[in-house]
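Structure of the sequence below:
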Amino acid sequence: MSNRIPRSVLTALAATGAVIALVAIVFAVDRITDGGEVLGDVEVAGVELGGLSERQALEEVRALEDRLRDTPIPALVGGHVFELTPAEIGLDLDEEAIVGQALAVGRDGNIAAEFAWWAGSFLDDPVSLDVPYTFDEAALADLVATWEVEGIAAPPFPGDVWMDGREVRFRYPNAGTGIDADGAIAALGAALVDPVRTPVELQTRFLEPRLTNADVDAAVAAAQALLADDIVLRAEDLDREVVVPQEVLADSLVVRRDDGGEVPEFRFRFRTTDILDYVNGFAPYLETEAVDAELIIDVETDEVHIEPSIPANAPDPGRITNAAWRAANDPNRTAELTYREGRESDFSTADAEALGVKELIGEFTTFHACCENRVTNIQLIASATDGAIVYPGETWNLNDHVGQRTREKGYLPAGAIIGGELYCCDDAINIGGGTSQWTTTLYNAFFFAGLEDVDHTPHSIYFSRYPEGREATLGWPAPNLAFRNNTDHVVIIKSTFTDTSITAKIYGDNGGIEVEAGLSDRYNYTGIRSVTRPDPDVADCDSYVSSGGSGGWSVDIYRYITYPDGTETTEEWTWHYSGAFKVTRVPVDPKKRPGSTFCKNQNNP
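As a prediction, this is how the structure comes out:
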């Protein structure tokens, strides 16, 4: 027996293989050329998507959504025709999901499955996609309820309670013919994506109201109980209260029937704006006082700390309406008025911290005898300076701060240098005499704080109670004492005194510098200057020396400043003490002074 295959069979097999190969090539070419397109004959709600790219398909679906949203659906109710515009109930197609479904057609499974679908697509019907979409069912239900009233001659009435001004009104429920709401919503919901817009006939049926007359009576009683009398909102611990009148409650009461449950319920609330507007009218009375922060400086220990501010307390607006509701439901018609932190104080804790006052940065003390007029003056001007605040970059001067020294302010006459002579006490300059001791004390305090010297003038006569060269006098309006706050923080001047001493302290933050003082030897000595003073108390042809005077000299004063990084600077001032005049007192009339012709004749009668 021969095992040879006939030639005719081989020829047939070859032809079949060629066809299969050709089909495979066509399938492969089709897949390569259709890589990013919707395959086959695919449509959604009558819109053909086959052969479109993803972008083109998305544009078509969006155009479909616009048409469906804007094209009304006829609805037939009791012989009336109503229209539902899907856009009004928020119809929203999931465009991305639809296009994703379209692109997945023919691409699911392995290559064999895809080939099988491809081969069958030439014979099968078009693929019609589902339309995923959403809409507002509550809005559709409200619309159906409106059609029920407008399209049916005898619709049911569910019963209602409402406010008419300040009066509680009601209407009992009654049965009637109504729309099958559940069926209507289902039918209309399905019609939203029907491109043909086939009219939807809504079924009606006899409906019994779900509420009873007793339900309405109970709701009326509940509303009237809420408005039975005034209410009181009270903050016991703050001794504050506000009475909300019955009329305000009635103006703000809202009654609403909630049909969402199996049996409708009446819900009550007070309008927040009405209650708040009334209570806010009492805001000045209800609000507690804010307390400013306090920067406390202990001049004994030099400790600086901040007593925090306390904001004003005011009724919490977010809880006032709830409080009114509790009071209206309370047998005593009273509820707690809850407070919260309100307006910040004018000087807050943050303001105090921003001053940057950290520590004592400069101080100085001078001493004096007890119980003299000049001591009263020293203590008055020191007290007037106590607590002075100087902001960064600000120039502060003593005369501007304390003003002229006058009797009305309590200053007394005391010794003062007038015309190079220490004099007391019938000159206007003597009012406030001695205040230069405070000026010198304060000058040294800011000297050692490292603050910038703007203006100071030492005395013309040296007093041993002051540091030589490093002192300052004061007059009105000059000489003056001024310095500039060259730090980045506020500085505060404090003063303390005893019967025999005065101390100036400056607090702030000078960056941690260290200050030392230096003084040169005396040089440039000058002799005693003399002056003659007419004096009505001196007898004719007489004279006497009231002050022997003193010579003068110059000194150089140095301030050495060392910074935290180790760098140093030196500042220098020079002052010449001119000394006190030798004062000779003579008669007022020049013709009767010693050596005059008149006096010579008196001595030689």
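
which stretches of the stretch 351-500 of the chain form strands?
Taking DSSP state E, counting those that start in this stretch as the test, the strands found in the stretch 351-500 of the chain are 359-367, 389-390, 395-397, 416-418, 421-423, 452-455, 482-484, 491-497.

so what does the shortest one touch, helix or strand wise?
The one in question is strand 389-390. strand 491-497 (3 or more C-beta pairs under 8 Å, 6 or more residues apart in numbering; DSSP states H and E). No exception for glycine: its C-beta is placed from N, CA and C like everyone else's.

Just the residues contacting the strand it packs on, thanks.
Residues outside strand 491-497 that contact it (C-beta atoms under 8 Å, 6 or more residues apart in numbering): 295, 297, 299, 357, 361, 378-379, 382-383, 385-390, 438, 442, 445, 449, 451, 485, 502-508.

Please pick the buried ones from the residues you listed.
When those are checked for burial by 16 or more other C-beta atoms under 10 Å, the buried set is 295, 297, 357, 361, 378-379, 382, 385-386, 388, 390, 438, 442, 445, 449, 451, 485, 502-508.

returning to what we had before: dump the strands of the stretch 351-500 of the chain to JSON lines, plus mean pLDDT.
Converted to JSON lines, the strands of the stretch 351-500 of the chain look like this (pLDDT from 0 to 100):
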{"stretch": "strand 359-367", "mean pLDDT": "96"}
{"stretch": "strand 389-390", "mean pLDDT": "96"}
{"stretch": "strand 395-397", "mean pLDDT": "96"}
{"stretch": "strand 416-418", "mean pLDDT": "75"}
{"stretch": "strand 421-423", "mean pLDDT": "69"}
{"stretch": "strand 452-455", "mean pLDDT": "96"}
{"stretch": "strand 482-484", "mean pLDDT": "97"}
{"stretch": "strand 491-497", "mean pLDDT": "96"}
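
Could you dump the ones you listed into a markdown table with distance to D346 added?
A markdown table is the format used below for those (distance: least, C-beta to C-beta, whole Å):
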| stretch | distance to D346 |
| --- | --- |
| strand 359-367 | 26 |
| strand 389-390 | 15 |
| strand 395-397 | 23 |
| strand 416-418 | 42 |
| strand 421-423 | 48 |
| strand 452-455 | 30 |
| strand 482-484 | 27 |
| strand 491-497 | 18 |
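
Figure out which of these is closest to D229.
Taking C-beta to C-beta, strand 389-390 is the member of the strands of the stretch 351-500 of the chain nearest to D229, at 55.3 Å.

strands paired with the closest one, and their directions?
Paired strands of strand 389-390, with direction, are strand 491-497 (antiparallel) (DSSP bridges).

helices or strands next to the helix or strand just after the partner strand in the packing?
Under the assignment DSSP states H and E, the closest C-terminal helix or strand after strand 491-497 is strand 501-508. Applying 3+ C-beta pairs under 8 Å, 6+ apart, one finds that strand 501-508 contacts strand 359-367, helix 373-385, helix 436-449, strand 491-497.

follow-up on the earlier one: so for E88, which of the strands of the stretch 351-500 of the chain sits nearest?
strand 389-390 (66.7 Å).

Using PDB, write down the CA coordinates of stretch 544-563.
Extracted C-alpha coordinates of stretch 544-563, given in PDB (Å, rounded to 0.1, in the frame of the first residue of the first chain):
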ATOM      1  CA  TYR A 544      33.200 142.100  98.600                       C
ATOM      2  CA  VAL A 545      34.200 138.800  96.900                       C
ATOM      3  CA  SER A 546      31.100 136.400  97.000                       C
ATOM      4  CA  SER A 547      32.800 133.600  95.100                       C
ATOM      5  CA  GLY A 548      36.500 132.900  94.900                       C
ATOM      6  CA  GLY A 549      36.100 131.100  91.500                       C
ATOM      7  CA  SER A 550      38.000 128.200  90.100                       C
ATOM      8  CA  GLY A 551      40.200 127.500  87.200                       C
ATOM      9  CA  GLY A 552      39.400 125.200  84.300                       C
ATOM     10  CA  TRP A 553      40.800 122.300  82.300                       C
ATOM     11  CA  SER A 554      40.000 119.900  79.500                       C
ATOM     12  CA  VAL A 555      39.400 116.100  79.500                       C
ATOM     13  CA  ASP A 556      38.700 113.500  76.900                       C
ATOM     14  CA  ILE A 557      36.000 111.000  77.500                       C
ATOM     15  CA  TYR A 558      36.000 107.500  75.800                       C
ATOM     16  CA  ARG A 559      33.300 104.900  75.300                       C
ATOM     17  CA  TYR A 560      34.700 101.400  74.400                       C
ATOM     18  CA  ILE A 561      32.100  99.000  72.900                       C
ATOM     19  CA  THR A 562      32.800  95.300  72.500                       C
ATOM     20  CA  TYR A 563      30.400  93.300  70.300                       C
END
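
ok, residues contacting stretch 344-362?
Residues contacting stretch 344-362 (C-beta under 8 Å, 6+ apart): 290-295, 297, 302, 304, 306, 308-312, 389, 445-451, 488-492, 505-510, 515.

quick one: it to chain centroid distance?
19 Å (C-alpha atoms, centre = their mean, to the nearest Å).

for it, how far is the first residue from the last?
Between the opening and closing residues of stretch 344-362 there is a gap of 33 Å (C-alpha to C-alpha, to the nearest Å).

And stretch 486-501, by the same measure?
Separation of the first and last residues of stretch 486-501 by C-alpha to C-alpha is 29 Å.

helix/strand/coil for the residue most central in space within the chain?
Most central in the chain under C-alpha atoms, centre = their mean is E344, positioned 10.2 Å from the mean C-alpha point. The local conformation at E344, judged by DSSP: H, G, I helix; E, B strand; the rest coil, is coil.

re earlier: any idea which of the helices and strands packed on strand 501-508 is most buried?
Ranked by mean neighbour count under mean count of other C-beta atoms under 10 Å, these are led by helix 436-449, which reaches a mean of 26.

by contact count, what packs against it?
strand 359-367, helix 373-385, strand 491-497, strand 501-508, strand 514-519.

what does that helix rub up against?
In this structure, residues lying in contact with helix 436-449 by C-beta under 8 Å, 6+ apart are 361-366, 368, 374, 378, 381-382, 385, 398, 453, 456, 459, 465-467, 470-474, 481, 483, 491, 493, 495, 502-506, 508, 510, 515, 517, 559.
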